[in-house]
Structures are given as C-alpha cells and as structure tokens.
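> Task: produce atomic coordinates for the following.
(4 chains)
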Protein chains: 2
Amino acid sequence: MTARAPLTREEVVAVAADLVKQHGPQALTMRKLAAELGTAVTSIYWHVGNRESLLDALVERTVADLGGFRPRGATPQDRVLSVARTLRRRLRAHPHLIAMVHERGLTERMFLPAQQALVHEVHAAGLRGTRAAEAVRAVLFQVVGHVLVERNRERAPAQHPREEELWGAGTAEEDRVLARALAAPADPERIFTTSVRALVKSLLDPPT
Amino acid sequence: MTARAPLTREEVVAVAADLVKQHGPQALTMRKLAAELGTAVTSIYWHVGNRESLLDALVERTVADLGGFRPRGATPQDRVLSVARTLRRRLRAHPHLIAMVHERGLTERMFLPAQQALVHEVHAAGLRGTRAAEAVRAVLFQVVGHVLVERNRERAPAQHPREEELWGAGTAEEDRVLARALAAPADPERIFTTSVRALVKSLLDPPT
DNA sequence: AGGCGCCTGTAACACAGTTACACCGGAGGC
DNA sequence: GCCTCCGGTGTAACTGTGTTACAGGCGCCT
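Numbers count the residues shown, from 1 in each chain, chains lettered A, B, ... in the order given. Okay, here's the model as predicted:
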C-alpha cells in the first residue's frame, strides 16, 4: 500500500466540519477525527496545533461560507427584508456550526457581509450617520437573535409547563383564541417575517 | 471535629451556582465541587444524580429567580417596553447561567413569566387571537435574541476585521459619519430600546 | 442486638486533550 | 556514497474529566 497522501491542514478541517455537521460538536474528538482521517492523533496536532485552533479554523470556514448578499426588491424596505431572509436561511443551513460560532463568541463576525449590504440599503432609504448605524445594528441583532432563539427552540426538550401554565394562570382566559394560539407551536418563519417587517417599517419609514 | 452538617441537594446546587457565576460553566467539575463542599464526589452523585441533573437543577433555579413582572407605564406600548427592559436586565444579571439555559435548549422556559405579562398588555392594546400571539412572540424573540447577541458581543475576542472592512469595502464611503458610527463600539442599551420601541410601535399601533 | 435506610468515602473505569519521544524518508551538504 | 537535518508520523504515556462498584458508617426502629 502506498501509505497515503500526506495530510494537509485543509483536509483535517474539512473532515472535522463533516463530523460536526453530522453528529454535532461533542462528537468531534481528536481521536475520532484521527480515526476518520486514517492517521494518528499527533499528526492532527502537528497540522492544526490544538483543538482550540481547529475549532477556530472551522468557525473561520463557516463564516467565509456565508458569502455576500444580492438584495432583491423594489423598495429599501423590501431589500432589507430580503437580506434578512437570506441571512436567516444561510445561518439555518449550518445549525451546529452557527452554534459553535456563537459559543466561541464570534457571532459578530457573521454579521459583516450582511452588515455591508444593510448599510447600503439603509443609506438608500435616506438614513444617515448614527441613526443609520443604529438601524443596521437593530436589524442585525434582530435577525441573528431570532435565529439563535429559533434554533434553540427546535432542540428544546419537552416543555412541560406550556399549555397549562397559560390556561391556568388566569391571564389568558381573557382570550381563548389567544391562549390556544400560544399553546400551539409557533411558526418561526411567520414570526420572523412579521417582526422584521414591523421593525424595518418603524426604522425606515418616518424620519422623525 | 464533628464531621460536618449532612449535605443537602440545595447546598450542592447553591455552591455549584456560585462556582458557575464566578468562574464560568467550564469551572464546574464534580471534583472541584466536591472539594468546595468539603466532601467526596460520590456524595454529590447521591444527591443530584449526575452532572446533567445538576445543571438541570441550576437552570431551574435560574429560571425561578427570574420572577414575575409588574409593568409600568401609561400606554400598553410603554408597559411592553417596561417588561422588555426588566426582562433584559434580569437576564443580563446572570450571564453565565443564561448561557447555560440557552445551551441546554431551555431558552423557552425563560419566556413564560414575561410571556404572561406581555399577553396581558397586548390584549389591553386591543390585539386578539393569532395576531396577539404573534405580537407576544415577536417581542419575546426579539428581547431574548438581543440579549444573547449582546452578551456574546461582550466576551468576543479581538474583532480583527472591523473598522477596516467597512472603510475599505467602498460600501460605506457614501457616508463617513455612518462608517465612523459603525466602527465605534455600539451602545447595546440604545439599540435595544430603539428596536423594541420600533417593533412594538408597528405591532400595536395600526390594526391593519 | 440486629437490621435497615440514608449517606459518605476509596478506588477504580473509560475516555477526553495533550505531549515526550522514537522513528521514517527524502533533500541537501560533504 | 554517506551523513545530517527537517518535515511528518506513530506509540505510549500523562493529567483530568464524568461515573460507578463496593465497602462501609451512623442513627433509628423493632
């Protein structure tokens, strides 16, 4: 057997990314990774340093994959919504990885490409200076925050006090339909669109 | 020496909470905890089962500590903002612990008390049924999401491409003040208030 | 005294990240 | 042709983690 092609840093990171995508971050152990690569642990350490650096590289890769934005829509409002939707979709495409980005305190890094697109749109809508910066940040915070919460919701265990808490508490008996709507599982897509649209409307519409 | 007062589940959880608050979740090892308690690891296992259960108990405690809400303000809008602010403040009071709640997929649990308060206000504002439920959820998603992002921002390492990325990219040269505003550190408090207010305004104002 | 239930401690297990060290194989100097 | 050095790999260990089998101790009831 011709031993095997020499290991490269890129190969290590790629296989590590696969492992994380398939089985979550906790499945990424140095030994498993070595086994998957058909090599020994020490080789990995030689190429990537330590686990920390490996995760850094993974995160870097993920952020780079998010790419740029081509907003669609007639009005700035529509185009901002378009950016928000695209960002959400891309973030949700790599759940484990964006969780890692978050856990490693690099959430802000994920912002940059979208931020540039948003700056453009907000500027087109007539906002300037500090006010524009605030609008951009408000939208970004909302999108990323929403995705984090949404993703969290999905892997949440059984929420034992959910329906009952609201029915029994007396607060919601004012409105049966409301109570039922809250007891039913939420539609994150709808909530997302609703709230982004609402936020954007207020931020861009009246230059108070 | 009179050996020591018998260990209780509450004592274990309390000391564990202290450890997490002071040195973060990774500092909570069973052996350290045992040393801190002046006992042996097995006693901890006897009282709390395993590490998982211990973290569950911690999280439960944290969620319980969040308590109820007494919204202040003249209009429903103001009172919603008041709830949002209180929720944010309380969440930010236990950064490590809310990170744990999040990582354990129990973010939604944190919602409940605030949710009840919001249901009341949204109802008072005249919203009903599905529309009201959506408004409540939109606000909660926004608040919790914002806190997650904000908290993340604080412990982020050096953001190497930050100012430069925006200055060099050409996008922001349309507006020097904007670029400078984005390069400067954001004021999360302001962003929070601005965006919650904007969101609430759109959600509650026009019963379109 | 005997037994039983609550609680604690000793010592081990498996598995994690990490590393000291020996080794191989080819590229270049003599 | 030989030697040395360097990039890269492998073996086997170290420490520290969660967890548990097992041996008790202490107090109370009968």
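> Look at A:Arg70 and give its secondary structure.
Secondary structure state of A:Arg70, per DSSP: H, G, I helix; E, B strand; the rest coil, is coil.
> Tally up the residues packed near it, please.
10 (other CB atoms under 10 Å in any protein chain shown). Where you see a C-beta, it was placed from the backbone N, CA and C, and this is true even at glycine.
> Disregarding residues adjacent in the polypeptide, which is nearest to the spatially most central residue of chain A?
By CA atoms, centre = their mean, chain A has its centre lying nearest to A:Leu91, at 3.8 Å. Counting by CB to CB, 6 or more residues apart in numbering or on different chains, A:Leu91 lies nearest to A:Val147, which is 4.7 Å off, once chain neighbours are set aside.
> The one you found: neighbouring residues, count only.
26.
> before we move on, what about the one 5 residues further on?
In terms of burial, A:Asn152 registers 22 neighbours under the definition other CB under 10 Å.
> so it touches B:Gly105, yeah?
Yes. Here A:Asn152 reaches B:Gly105: they are 5.7 Å apart, a contact under CB atoms under 8 Å.
> from the middle of its chain, how far away would whichever strand or helix holds A:Ala114 be?
For A:Ala114, the enclosing helix or strand under DSSP states H and E is helix A:107-124. Remark: helix A:107-124 is offset 15 Å from the chain centroid, using CA atoms, centre = their mean, to the nearest Å.
> elements contacting it?
On a contact count with 3 or more CB pairs under 8 Å, 6 or more residues apart in numbering or on different chains; DSSP states H and E, helix A:107-124 meets helix A:51-66, helix A:76-93, helix A:95-103, helix A:129-154, helix B:129-154, helix B:163-168, helix B:176-183.
> residue contacts, the residue nearest to the centre of chain A?
By CB atoms under 8 Å, 6 or more residues apart in numbering or on different chains, A:Leu91 lies in contact with A:66, A:98, A:110, A:144, A:147.
> Among those residues, which one sits closest to chain B?
Proximity of the contacts of A:Leu91 to chain B, judged by CB to the nearest CB, is greatest for A:Val144, which lies at 5.3 Å.
> Contacts only, for that closest one.
A:Val144 neighbours (CB under 8 Å, 6+ apart): A:87, A:91, A:107, A:110-111, B:145, B:149.
> could those go into TSV alongside pLDDT and distance to DNA strand D?
Shown next, in TSV, are the contacts of A:Val144 (pLDDT from 0 to 100; distance: CB to the nearest atom of the strand, whole Å):
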residue	pLDDT	distance to DNA strand D
A:Leu87	93	36
A:Leu91	91	30
A:Thr107	83	26
A:Met110	82	30
A:Phe111	81	33
B:Gly145	91	30
B:Val149	89	28
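> From the residues you listed, keep the buried residues only.
A:87, A:91, A:107, A:110-111, B:145, B:149 (16 or more other CB atoms under 10 Å in any protein chain shown).
> contacting residues around A:Ile44?
A:Ile44 neighbours (CB under 8 Å, 6+ apart): A:7, A:12, A:30, A:33-34, A:37, A:54.
> picking that back up, can you add distance to DNA strand C and give the helices and strands packed on helix A:107-124 back as CSV?
Below are these laid out as CSV (distance: least, CB to the nearest atom of the strand, whole Å):
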stretch, distance to DNA strand C
helix A:51-66, 3
helix A:76-93, 25
helix A:95-103, 13
helix A:129-154, 23
helix B:129-154, 22
helix B:163-168, 30
helix B:176-183, 34
